[in-house]
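Chemist: Sequence and predicted structure are below.
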Amino acid sequence: MTENDARELIATLGKSIFDRGLTHGSSGNISMRVDSGWLMTPTNSALGRLDPAAISLLNAEGELMSGDPPTKEAFLHFEMYKQRSETGAVVHLHATHSVAVSCLKGIDPENVLPAITAYHVMKVGRLPLVPYYPPGHSDLAKAVGQRAAKHHAVLLANHGPVVAGKSLEDAINIVEELEQTAKLYLMLGNRTYRTLSSQQIAEIERHFKG
């Protein structure tokens, strides 16, 4: 894929995310690995109104080569790329249901969402909660990096999910499944419901995960 094609893809899929209410205003950011470095959505840009030519191009050292200045949450993306060499794209959203779950007390910080569906196990897997830090704080980058080595998706407390995928389409599919599971979890609330057993989860992981 050429750099121009990658720019167009980011703008197209960013608009799709925005139009379906998975992010809002100027929240959320997308990055994608290209031959010359990384493409990253600019700071204070709305994913629904991206100009492909203005998308930031950063070199291997993280220096801006062209386009507008990158998202101020670029460090979240770089931690995922650093810890996961197979990563081709990273998506960070402030998706409503995922953020709501990230604000709940009493959730398991090692695995925030229960295994409600097979697709959550297949796409998301175990989802750790990253403790709250102010946006841009250096300790947030460190906390994400500590978890990214073992998890391709993390949930930032009172903030939202960060997801790495082999491609941009893959990363978006993962974050959408995460958001859907968060929505189901909130809808089920205090009702008694079934989750997949450890045996069922293990079977899915053997046959489908990755």
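Modeler: Arrived safely.

Chemist: what mean pLDDT does stretch 74-92 have?
Modeler: What stretch 74-92 shows for mean pLDDT is 96.

Chemist: May I have it as PDB, with CA atoms only?
Modeler: The C-alpha trace of stretch 74-92 is given here as PDB (Å, rounded to 0.1, in the frame of the first residue of the first chain):
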ATOM      1  CA  ALA A  74       1.200   9.800  20.100                       C
ATOM      2  CA  PHE A  75       3.100   8.200  23.000                       C
ATOM      3  CA  LEU A  76       0.300   5.600  23.400                       C
ATOM      4  CA  HIS A  77       0.800   4.500  19.800                       C
ATOM      5  CA  PHE A  78       4.600   4.300  20.100                       C
ATOM      6  CA  GLU A  79       4.400   2.200  23.200                       C
ATOM      7  CA  MET A  80       2.200  -0.300  21.300                       C
ATOM      8  CA  TYR A  81       4.600  -0.400  18.300                       C
ATOM      9  CA  LYS A  82       7.600  -0.700  20.600                       C
ATOM     10  CA  GLN A  83       6.200  -3.600  22.600                       C
ATOM     11  CA  ARG A  84       4.500  -5.400  19.700                       C
ATOM     12  CA  SER A  85       6.600  -5.700  16.600                       C
ATOM     13  CA  GLU A  86       3.800  -7.200  14.500                       C
ATOM     14  CA  THR A  87       1.600  -4.100  15.000                       C
ATOM     15  CA  GLY A  88       0.600  -2.400  11.700                       C
ATOM     16  CA  ALA A  89      -1.900   0.100  13.200                       C
ATOM     17  CA  VAL A  90      -3.100   1.500  16.500                       C
ATOM     18  CA  VAL A  91      -6.600   2.900  17.400                       C
ATOM     19  CA  HIS A  92      -7.400   4.900  20.500                       C
END
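
Chemist: residue ranges of the strands in the protein, please?
Modeler: 29-34, 37-40, 56-58, 64-66, 89-92, 129-130, 153-156, 160-165 (DSSP state E).

Chemist: Out of the ones you listed, which gets nearest to residue 49?
Modeler: The minimum distance between residue 49 and these falls on strand 29-34, with 13.3 Å, by CB to CB. All C-beta spots, glycine's among them, are computed from the backbone N, C-alpha and C.

Chemist: Which residues are in contact with residue 183?
Modeler: Counting by CB atoms under 8 Å, 6 or more residues apart in numbering, residue 183 makes contact with residue 97.

Chemist: Start and end of stretch 91-110, how far apart?
Modeler: End-to-end distance for stretch 91-110: 21 Å, by CA to CA, to the nearest Å.

Chemist: Now it: buried residues?
Modeler: Buried residues in stretch 91-110, counted by 16 or more other CB atoms under 10 Å: 91, 92, 93, 94, 95, 96, 97, 98, 99, 101, 102, 107.

Chemist: And for stretch 37-45?
Modeler: So for stretch 37-45, counting by 16+ other CB under 10 Å, buried means 37, 38, 39, 40, 41, 42, 45.
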